[in-house]
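[1] please find the sequence and the predicted model below.
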There are 2 protein chains.
Amino acid sequence: MTKSQDVAVRVAVIGAGTVGATVVAQILEHGDDLRRRIGRPLEVVGVAVRDTQRARPELGDVHITADPLELAADPRSDVVVELMGGVDKAYEVVRAALVRGASVVTANKALIAARGIELHALAHANGADLYYEGAVAGAIPLLRPLRESFVGDHITKVLGIVNGTTNYILTQMTEFGLDYALALQQAQQLGYAEADPTADVSGQDSAAKAVILARLAFHTDVDIAEVSVEGIESVSIDDIEAAQAMGFVIKLLAVAEIADASGVVVRVHPTLVPQSHPLASVRGPFNAVFVSATAAGDVMFYGRGAGGAPTASAVVGDLVTAARNIATGSRGFAVEPYAGLSTLPLGCARTRYYVNLHVADEPGVLATVATVFAANGVSISVVRQDGAGEEASLVVRTHEASDAALAHTVSQLRDLPAVRSVVGVMRVEGEQ
Amino acid sequence: MTKSQDVAVRVAVIGAGTVGATVVAQILEHGDDLRRRIGRPLEVVGVAVRDTQRARPELGDVHITADPLELAADPRSDVVVELMGGVDKAYEVVRAALVRGASVVTANKALIAARGIELHALAHANGADLYYEGAVAGAIPLLRPLRESFVGDHITKVLGIVNGTTNYILTQMTEFGLDYALALQQAQQLGYAEADPTADVSGQDSAAKAVILARLAFHTDVDIAEVSVEGIESVSIDDIEAAQAMGFVIKLLAVAEIADASGVVVRVHPTLVPQSHPLASVRGPFNAVFVSATAAGDVMFYGRGAGGAPTASAVVGDLVTAARNIATGSRGFAVEPYAGLSTLPLGCARTRYYVNLHVADEPGVLATVATVFAANGVSISVVRQDGAGEEASLVVRTHEASDAALAHTVSQLRDLPAVRSVVGVMRVEGEQ
């Protein structure tokens, strides 16, 4: 293959929805600039679309095909950009590109969460690159720093708001007192939530992203089935108001952390975050991810989490990197699960709880409750007791303990005769 | 040169203060991990120190020398890590390494601000890399994303808190009502400010970082002499309280922006930022940088801005990248001022002003003042008028206008007989 600086790096684009069409348009419009950054021109040699009948003036006179697999396997491209979505068919497409040594850029979080380690191994074996910055947190440059910048440091925890839909809903509930159903409806009207919002509100979307973050941060494989996931469907206005009264906001966090020398815990759940914490001010559809590293301390990345233009920006950034590696005969950092840590159950995580109890308003209840905490080795940080007629409300925040001990404490509290009901239980993150 | 995976990438470290000693210790301690990430082992072949007599058990049995220039020029290293500080001598050292094709990693912001373009050209001509992530915002991965992630996008503005000392002082003034002198004294006691704090409080340190950010964001050279700089020495408690009353905080911002098709404006000054803006919650010694790009939207990077461990983390990250490039025979993205934009004077920036006037408490004053704004083509956004005996206070916030028009407005206001004094003038950023 000639490597003169006039020979184009050839790109095949699979999928021409919003992101795909924007990517092609940017390549066509900013050709000179991209050429300067890559050292060789970029040439779009083909675009695979669902419907070849539709007119697509934005794609210029680029070759259009309805067969994504054939385009990916065609040796006349050096980089394949996969933007078709889904897992199984997209896997075949990405695989077809990698086995022939073509580099792949994708924004497909479901695919990478499900088969990323295998695809990285395939890329490595065939001398190709695999990049997917757009798969997590839109255009926020997050995966590249995780892969490349912290290489001399030791990451201990990744904590983030990685789903804009749920963050929008929680923000509306917090700031305007909307209940969950109405906030969801509003998010759907504005296009922040899909008609079937399950993947977002159940936490599954965040879980896929947490898997990708955990892998890059800890050099270890994580199966999405091993992620503990709780969504926002049961978060009530009462929870949010109780949180506010204590100086907290409720956020759906994806958390991946080193739990002990041999294992990591990856979890997604509604979480109390102190109002003074930088994650608390991440509003609406924005995303933010906190990375804690031994030497670097806490570093946060913040930006628009989704949308066609930000995702296209991330894809073109990856494409330039992959093309540049081809132009210079080099390759990006490999992603390998060499640390080989196991994924531990949620009970192994060290966390803090907030527990809101309705108790009988009689002497000695606090002592009884405190005894249960103590018996489980859980240290109480703050208690607030408010009488309200026959019942009293007892709000407890704990110090750090294993999630297993905290969960066991709550289960024993439920059985106490003096405890009428456990009104709210939530984990707390971001307290010093 | 053999390229077997057992041949070490050889590193010379110039300067063994806190950062240098930490870097060497990390290389010695995490050898296996770094080897895996680089593909070849790292070997420290020499450390240049000021005082060779001092015992340095943390450096192990590494060769110690008092001659930095000789060590940098010695062909027995592949990467030179410059951590001696200063400009002239450090320049000689970095130059000596680059001319013989050795890659350079540094955290020296003054050197890179003063001679970065020249050093990048030298690196490019000799097939070497030049990295300096630690020079701006400590361990926050900021320069790498600017160099690599936004390559497919178009950055229009960079806005940041890049000096921890001044941010600590302003935070103490805001949260505890300390006056400037006392807050500075406290910062000095805690080690956040130096005995001579001039470089920090005058804004010069932020200006050097703004130059580096502007170059990477806009592919253009900027001379630090062309940066408009105002420090925090004259920020008073009154300014801070007036800001709070309007829902703003005062931050020392470094701003670099495209001002028109041919030019950029780079400026450092105390700025009003809305309390709801993510930069407002960046407290104490933390740093944060906002990057606005056409497709990506606003992206923020946040973290600890300085300190030995974070800077060492950034340096080791750069070192791994440079070593990996050597191991794979590749090279990082070049930094070239190919866009060739000019640096325009402050007057060309489009901004918003806050103006606090003491005026005679008599009818018609607001009309007179409003006429001056209108005559300069400046549109008023909010006015608040409070009577206070013979004088009234008139606080005006404007819509966006050229800084020249705004400055001219203020100068004309000073000459109005009805205006007793201009109590405060400050630029506003981050309003939608």
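    Thanks, I have it. Numbers count the residues shown, from 1 in each chain, chains lettered A, B, ... in the order given.
[2] tell me how many other residues crowd A:G177.
    The number of residues packed near A:G177 is 12, by other Cβ atoms under 10 Å in any protein chain shown. Where C-beta positions appear, they are placed from N, C-alpha and C, glycine not excepted.
[3] so who does it touch?
    For A:G177, the contact set (Cβ atoms under 8 Å, 6 or more residues apart in numbering or on different chains) comprises A:I237.
[4] give me that answer again for 6 Å
    Shown here is A:G177, which makes no contacts under the criterion Cβ atoms under 6 Å, 6 or more residues apart in numbering or on different chains.
[5] pLDDT score for the closest residue to chain B within the stretch 101-250 of chain A?
    Across the stretch 101-250 of chain A, no residue is closer to chain B than A:G152, which sits at 2.5 Å (Cβ to the nearest Cβ). For A:G152, the model assigns a pLDDT of 77.
[6] give me the secondary structure label for the nearest residue to it once chain neighbours are set aside.
    Counting by Cβ to Cβ, 6 or more residues apart in numbering or on different chains, A:G152 lies nearest to B:V316, which is 2.5 Å off, once chain neighbours are set aside. Under DSSP: H, G, I helix; E, B strand; the rest coil, the three-state class of B:V316 is helix.
[7] most remote residue from chain A's center?
    Note on chain A: the largest C-alpha distance from the chain mean falls to A:P363, namely 46.5 Å (Cα atoms, centre = their mean).
[8] name the nearest residue to A:D129, sequence neighbours excluded.
    With Cβ to Cβ, 6+ apart as the measure, A:S103 is the residue that lies nearest to A:D129, at 4.0 Å, once sequence neighbours are left out.
[9] my read: that neighbour touches A:V79, true?
    Yes: in this structure A:S103 lies within contact range of A:V79 using Cβ atoms under 6 Å: 4.8 Å.
[10] before we move on, back to that, just to check, the residue of the stretch 101-250 of chain A closest to chain B is in contact with B:G317?
    Yes: distance between A:G152 and B:G317: 4.7 Å, which falls inside the contact criterion (Cβ under 6 Å).
[11] picking that back up, what's the burial count for the residue nearest to A:D129?
    Based on other Cβ under 10 Å, the number of other residues close to A:S103 is 29.
[12] please state the backbone phi and psi of it?
    Taking degrees, to the nearest 10, you get phi -80, psi 160 for the backbone angles of A:S103.
[13] residues in contact with it?
    A:79, A:128-129, A:322.
[14] and the most centrally placed residue in chain A, how far is that from B:G152?
    By Cα atoms, centre = their mean, the mean C-alpha position of chain A lies nearest to A:K209, the distance being 3.1 Å. Using Cβ to Cβ, to the nearest Å, one obtains 22 Å as the distance from A:K209 to B:G152.
[15] again with A:P141
    For A:P141, the distance to B:G152 (Cβ to Cβ) stands at 12 Å.
[16] quick one: the helices in the stretch 251-400 of chain A, in order.
    Taking DSSP state H, counting those that start in this stretch as the test, the helices found in the stretch 251-400 of chain A are A:308-328, A:365-375.
[17] report all helices and strands that the longest one contacts.
    Helix A:308-328 makes packing contacts with helix A:18-29, helix A:31-38, strand A:103-106 when contacts are defined by 3 or more Cβ pairs under 6 Å, 6 or more residues apart in numbering or on different chains; DSSP states H and E.
[18] now do the first one and helix A:308-328, the angle between them.
    Put simply, helix A:18-29 runs at 50 degrees to helix A:308-328, going by axes from the mean of the first three to the mean of the last three Cα atoms, to 10 degrees.
[19] tilt between helix A:18-29 and helix A:31-38?
    On the basis of the same axes, to 10 degrees, helix A:18-29 is oriented at 90 degrees to helix A:31-38.
[20] what helices or strands is helix A:18-29 leaning on?
    Using 3+ Cβ pairs under 6 Å, 6+ apart as the contact definition, the elements that helix A:18-29 packs against are strand A:42-48, helix A:308-328.
[21] which among these is found nearest to B:R350?
    Closest approach to B:R350 among these (Cβ to Cβ): helix A:308-328, 22.7 Å.
[22] what does the closest one rub up against?
    The contact list for helix A:308-328, computed with Cβ under 6 Å, 6+ apart, reads A:9, A:18-19, A:22-23, A:26, A:37-40, A:42, A:78-79, A:103, A:105, A:107, A:129, A:131, A:133-134, A:138-139, A:304, A:331-332, B:149, B:151-153, B:295-297, B:330.
[23] likewise stretch A:231-247?
    For stretch A:231-247, the external contacting residues (Cβ under 6 Å, 6+ apart) are A:166, A:173-174, A:179, A:201-203, A:250, A:252, A:270, A:272, A:275, A:356, A:424.
[24] domain ranges for chain A?
    Per automatic domain parsing, the structural domains of chain A span A:9-139+A:308-328, A:143-303, A:349-428.
[25] quick one: the second one to chain centroid distance?
    Average the C-alpha atoms of domain A:143-303, do the same for its chain, and the two points are 7 Å apart (Cα atoms, centre = their mean, to the nearest Å).
[26] still on that earlier bit, let me have the domains of chain A in JSON lines, extended by distance to B:I258.
    Converted to JSON lines, the domains of chain A look like this (distance: least, Cβ to Cβ, whole Å):
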{"stretch": "domain A:9-139+A:308-328", "distance to B:I258": "14"}
{"stretch": "domain A:143-303", "distance to B:I258": "19"}
{"stretch": "domain A:349-428", "distance to B:I258": "43"}
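[27] tell me which of those sits nearest to B:G116.
    Nearest to B:G116 among the domains of chain A is domain A:9-139+A:308-328 (18.3 Å), distances taken as Cβ to Cβ.
[28] and the domains of chain A: which comes nearest A:L341?
    With Cβ to Cβ as the measure, domain A:143-303 is the member of those nearest A:L341 (4.1 Å).
[29] endpoints of the closest one, how far apart?
    The separation between the terminal residues of domain A:143-303, taken as Cα to Cα, to the nearest Å, is 14 Å.
[30] what's the answer for stretch A:40-59, then?
    This stretch, stretch A:40-59, spans 21 Å end to end (Cα to Cα).
[31] of all the helices and strands packed on helix A:308-328, which one comes closest to B:A55?
    Closest approach to B:A55 among the helices and strands packed on helix A:308-328 (Cβ to Cβ): helix A:31-38, 48.5 Å.
[32] show me where pLDDT drops low in the stretch 301-432 of chain A?
    Residue ranges of the stretch 301-432 of chain A with pLDDT under 70: A:388, A:432.
[33] past the helix or strand containing A:S206, which element shows up next along the chain?
    Per DSSP states H and E: A:S206 is located in helix A:204-218. Proceeding C-terminally, helix A:204-218 gives way to strand A:228-229 as the next helix or strand, assigned by DSSP H and E.
[34] once you drop chain neighbours, what's closest to A:N163?
    The shortest distance from A:N163 to any residue that is not its chain neighbour, by Cβ to Cβ, 6+ apart, is 4.7 Å, and that residue is A:S206.
[35] who's in contact with that neighbour?
    Contacts here follow Cβ under 6 Å, 6+ apart; on that basis A:S206 touches A:162-163, A:254, A:268.
[36] and those residues as CSV, adding neighbour count and pLDDT?
    What follows is the contacts of A:S206, written out as CSV (neighbours: other Cβ atoms under 10 Å in any protein chain shown; pLDDT from 0 to 100):
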residue, neighbour count, pLDDT
A:V162, 31, 97
A:N163, 30, 96
A:A254, 30, 98
A:V268, 27, 98
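[37] what does the stretch 201-350 of chain A put close to chain B?
    When proximity is defined by Cβ under 6 Å from any Cβ of the partner chain, the stretch 201-350 of chain A lies next to chain B at A:278, A:281, A:295-297, A:299-300, A:302-304, A:309-310, A:312-313, A:316-317, A:320, A:328, A:330.
[38] quick one: buried ones out of those?
    The neighbour count (16 or more other Cβ atoms under 10 Å in any protein chain shown) marks A:278, A:281, A:295-297, A:299-300, A:302-304, A:309-310, A:312-313, A:316-317, A:320, A:328, A:330 as buried among these.
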